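**Q** no FASTA, just this:
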């Protein structure tokens, strides 16, 4: 089955979970030491242009490039994640990264859950086709999907993508989105 186009995915996501009614203010990218010029796939920029940085269904936080809140900024959070994973053996992640000839220091974090599970791209090949890896907090299991960030969010909210370490009450029957409360 062919993955739907980025526009179709975003349209389905907007139908399921309407974006905030206010226009999204464009973030101003800022430099983060050690993380200059991080690439962000076009489909994720479209997602954050539509929703902004914030939280889906009171559980899944998405980051935006240059978000005014550093806790929701892709570059800042990627730098912190890379520091956290540097030199650590991550059992569930090792084989996944080997398959893509990548290291934990290559990952680009685009989201997090309230349980501290990390969502990151494995930057292998064309950015519009980077797979997403979801890394379990604490136990460090990992789930990989070839879906874009927007399609990952859509799959999680519809139940089409199941992650064994996510709570049973996610997603809710009527998912919602809350913009960055600190913006």
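**A** Arrived safely. Model, not experiment: these values are computed from the prediction. Numbers count the residues shown, from 1 in each chain.

**Q** Mind listing what's buried along the worst-scoring helix or strand of the chain on mean pLDDT?
**A** Within the chain, no helix or strand scores below helix 94-99, which has a mean of 87 by mean pLDDT, DSSP states H and E. Buried positions in helix 94-99, judged by neighbour count with 16 or more other C-beta atoms under 10 Å: 96, 97. The C-beta positions use only the backbone N, C-alpha and C, and glycine is treated the same way.

**Q** Next secondary structure after that helix?
**A** Sequence order places strand 108-113 as the next helix or strand after helix 94-99, per DSSP states H and E.

**Q** Let me see the residues that make contact with that following strand.
**A** The contact list for strand 108-113 (C-beta atoms under 8 Å, 6 or more residues apart in numbering) reads 38-40, 44, 59-63, 74, 77-78, 81, 118-121, 123, 130, 132, 137, 149, 166.

**Q** Assign residue 80 to helix, strand or coil.
**A** Following DSSP: H, G, I helix; E, B strand; the rest coil, the label given to residue 80 is helix.

**Q** try the one 4 residues further on
**A** Taken by three-state DSSP, the conformation at residue 84 corresponds to helix.

**Q** Equivalent analysis for residue 55, please.
**A** Going by three-state DSSP: residue 55 is strand.

**Q** looking at it, it is touching residue 61, isn't it?
**A** Yes - counting by C-beta atoms under 8 Å, residue 55 touches residue 61, with 5.0 Å between them.

**Q** Specify the beta-bridge partners of residue 121.
**A** Here residue 121 sits in beta bridges with residue 108, residue 132, going by DSSP bridges.

**Q** before we move on, back to that, now what about the least confident helix or strand of the chain, what contacts it?
**A** 103, 104, 106, 122, 133, 142, 144.

**Q** Check whether residue 46 really touches residue 9, as I assumed.
**A** No - counting by C-beta under 8 Å, residue 46 does not reach residue 9; the two are 9.3 Å apart.

**Q** Please consider this matter closed, and thank you.
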